[in-house]
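**Q** Quick one, what's the 3D model for this:
(one chain, ligands or ions: 1)
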Amino acid sequence: MSTTTETYGTDPAPSPLALLLLGREADPNSERGVECPGDLPAASDPDLVARARAAKEKLGDRVFILGHHYQRDEVIEFADVTGDSFKLARDAAARPEAEYIVFCGVHFMAESADILTSERQRVVLPDLAAGCSMADMATAEQVAECWDVLTEAGVADATVPVSYMNSSADIKAFTGRHGGTICTSSNAKRALEWAFEQGEKVLFLPDQHLGRNTAVLEMGVPLDECVLYNPHKPNGGLTAEQLRDAKMILWRGHCSVHGRFSVQSVDEVRERIPGVTVLVHPECKHEVVTAADMVGSTEYIIKALDAAEPGSKWAIGTELNLVRRLAKAHPDKEVVFLDRTVCFCSTMNRIDLPHLVWTLESLAEGRVPNVITVDAETERYAKAALDRMLALP
Ligand code: SF4
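**A** Down below sits the predicted model:
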């Protein structure tokens, strides 16, 4: 039985991938993507809004623009639909007449959209450098090695993989191949309940915090039955006995945005704003979620604010673009960002108006840039895992 203080750690796990400057050089195996070709309009171009409108109008129903909740306002303005990654992928699949799906989000989301949309639809990511540091923390090679470790410890047969939507297509395919399911932050509890009906243990990838928070706070799994698999240590830093005793094997990954919130930020905001309700995303650290008043997915946070009483005060622990938009949408309530330090998701923010204009104008001129394609074999298994999630009760 084991748990370590490291379990809550959010110090960045060293990446096996060479660090690339965002938008420069190329690494097709990384969620950071590859360089973005083409001449982008200058960000200061005063005609950008008019150009985006004109190109979108020219494309008509042939294009469908998806905007993730964490995108900038200037991009959201052109989205046909907004939502979290899974809702957006499903919305895209429900629009077969759209030849081009422009995904204003990050790389793994565009991959999921490609998996769920038809053959003839092309999914386009306006900036290929829009990756996700969390998804990058679990590579196919590392996860295959982890499975070998579990096999050697004699626990692989009793283990069901559950992977968060925020993972690469390769990891989703691994999950499908080994009889597991995908989950979102909205249905993680149902996914875990299902998984524990199939096996004795869960390997939860790649976000340790969502896995731990759901297992411990929603399902009553004891904290000391959650162990942390560190892909940068031999055998994940765990003994065979620890693996045999564990119920939840958590991958050592985290979101660099949600991992920033601390118990100090919760204490500080309570002192600064008496009567404030602290509402955080389950990608936050366990001690932050425990200290908060409420916890829930992006969609849950949006609904909670919609239902809140006028005059109520809220400190929100999620991505800053969304918190600012919520503050603007609810002028009758006080809505603040949980941390005093301003922090956007830097890769989400890679998608800006110049990239969107460049993408739409390219499509309108008959060029299809930055197409995200998942190969047929990966797609087959990834889709099996996604389908299992869709079939969850
Ligand atoms: S907010 Fe976190 S999980 Fe979402 S794209 Fe950014 S780094 Fe990845």
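**Q** and residue 323, which of the three is it?
**A** helix (DSSP: H, G, I helix; E, B strand; the rest coil).
**Q** Let me see the contact set for it.
**A** 316, 335-337 (Cβ atoms under 8 Å, 6 or more residues apart in numbering). Quick note: C-beta positions are derived from backbone N, CA and C, even for glycine.
**Q** Thought residue 360 was touching residue 368, still the case?
**A** No - here residue 368 does not reach residue 360: they are 11.5 Å apart, not a contact under Cβ atoms under 8 Å.
**Q** who has more neighbours, the two?
**A** Neighbour count, other Cβ atoms under 10 Å: between residue 368 and residue 360, residue 360 has more, with 26 against 12.
**Q** Contact partners for the closest residue to the ligand within the stretch 101-250 of the chain?
**A** For the stretch 101-250 of the chain, the residue closest to the ligand is residue 132, as judged by Cβ to the nearest ligand atom, at 3.3 Å. If you count contacts by Cβ under 8 Å, 6+ apart, residue 132 has them with 31, 106-108, 166, 347.
**Q** What sits closest to it if chain neighbours are left out?
**A** residue 106 (4.7 Å; Cβ to Cβ, 6 or more residues apart in numbering).
**Q** try residue 243
**A** Using Cβ to Cβ, 6+ apart, the nearest residue to residue 243 is residue 153, at 4.3 Å.
**Q** Please apply the same query to residue 319.
**A** residue 70 (4.1 Å).
**Q** ok but the one you found is inside a strand, no?
**A** No - looking at residue 70 with three-state DSSP, it is coil, so not inside a strand.
**Q** What distance do you get for the residue nearest the centre of the chain to residue 340?
**A** Centroid-nearest residue in the chain, with Cα atoms, centre = their mean: residue 166, separated by 3.5 Å. Applying Cβ to Cβ, to the nearest Å, the value for residue 166 to residue 340 is 26 Å.
**Q** Just the pLDDT at the residue lying closest to residue 201 once chain neighbours are set aside, thanks.
**A** The spatial neighbour of residue 201 that comes closest, neighbours along the chain excluded (Cβ to Cβ, 6+ apart), is residue 159 at 4.4 Å. At residue 159, the pLDDT value in this model is 98.
**Q** again with residue 17
**A** Confidence score, pLDDT, at residue 17: 46.
**Q** How about the one 4 residues further on?
**A** At residue 21 the predicted local confidence, pLDDT, stands at 46.
**Q** What of the one 5 residues further on?
**A** We have a pLDDT of 50 for residue 26.
**Q** and what of the one 3 residues further on?
**A** We note a pLDDT of 55 for residue 29 in this prediction.
**Q** residue contacts, residue 103?
**A** Residue 103 sits in contact with 66, 88, 92, 109-110, 113, 123-126, 372, where contact means Cβ under 8 Å, 6+ apart.
**Q** Mark which of those residues are buried, thanks.
**A** Neighbour counting over the contacts of residue 103 (16 or more other Cβ atoms under 10 Å) leaves 66, 88, 92, 109-110, 113, 123-126, 372 as the buried ones.
**Q** Can I get those residues in a markdown table including distance to residue 40 and secondary structure?
**A** Formatted as a markdown table, the buried ones among the contacts of residue 103 follow (distance: Cβ to Cβ, whole Å; DSSP: H, G, I helix; E, B strand; the rest coil):
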| residue | distance to residue 40 | secondary structure |
| --- | --- | --- |
| 66 | 20 | strand |
| 88 | 24 | helix |
| 92 | 24 | helix |
| 109 | 21 | helix |
| 110 | 19 | helix |
| 113 | 23 | helix |
| 123 | 20 | strand |
| 124 | 15 | strand |
| 125 | 14 | coil |
| 126 | 10 | coil |
| 372 | 19 | coil |
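**Q** Turn those residues into JSON lines, including distance to residue 263 and pLDDT.
**A** Listed next are these as JSON lines, based on distance: Cβ to Cβ, whole Å; pLDDT from 0 to 100:
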{"residue": "66", "distance to residue 263": "35", "pLDDT": "97"}
{"residue": "88", "distance to residue 263": "32", "pLDDT": "90"}
{"residue": "92", "distance to residue 263": "39", "pLDDT": "88"}
{"residue": "109", "distance to residue 263": "30", "pLDDT": "95"}
{"residue": "110", "distance to residue 263": "35", "pLDDT": "95"}
{"residue": "113", "distance to residue 263": "37", "pLDDT": "94"}
{"residue": "123", "distance to residue 263": "40", "pLDDT": "96"}
{"residue": "124", "distance to residue 263": "41", "pLDDT": "97"}
{"residue": "125", "distance to residue 263": "36", "pLDDT": "96"}
{"residue": "126", "distance to residue 263": "37", "pLDDT": "96"}
{"residue": "372", "distance to residue 263": "38", "pLDDT": "95"}
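**Q** with the residues you listed in mind, which one is nearest to residue 289?
**A** Nearest to residue 289 among the buried ones among the contacts of residue 103: residue 109, at 23.8 Å, using Cβ to Cβ.
**Q** Show the contacting residues for the closest residue to the closest one other than its chain neighbours.
**A** Nearest residue to residue 109, sequence neighbours excluded (Cβ to Cβ, 6+ apart): residue 85, at 4.3 Å. The contact partners of residue 85, taken as Cβ under 8 Å, 6+ apart, are 68, 105, 108-109, 112, 165-166, 184.
**Q** and the chain, which residues reach the ligand?
**A** 70, 106, 132-134, 166, 255-257, 319, 345, 347-348 (Cβ under 6 Å from any ligand atom).
**Q** just the residues you listed now: which is nearest residue 265?
**A** residue 257 (13.1 Å).
**Q** Fine by me, we can end here.
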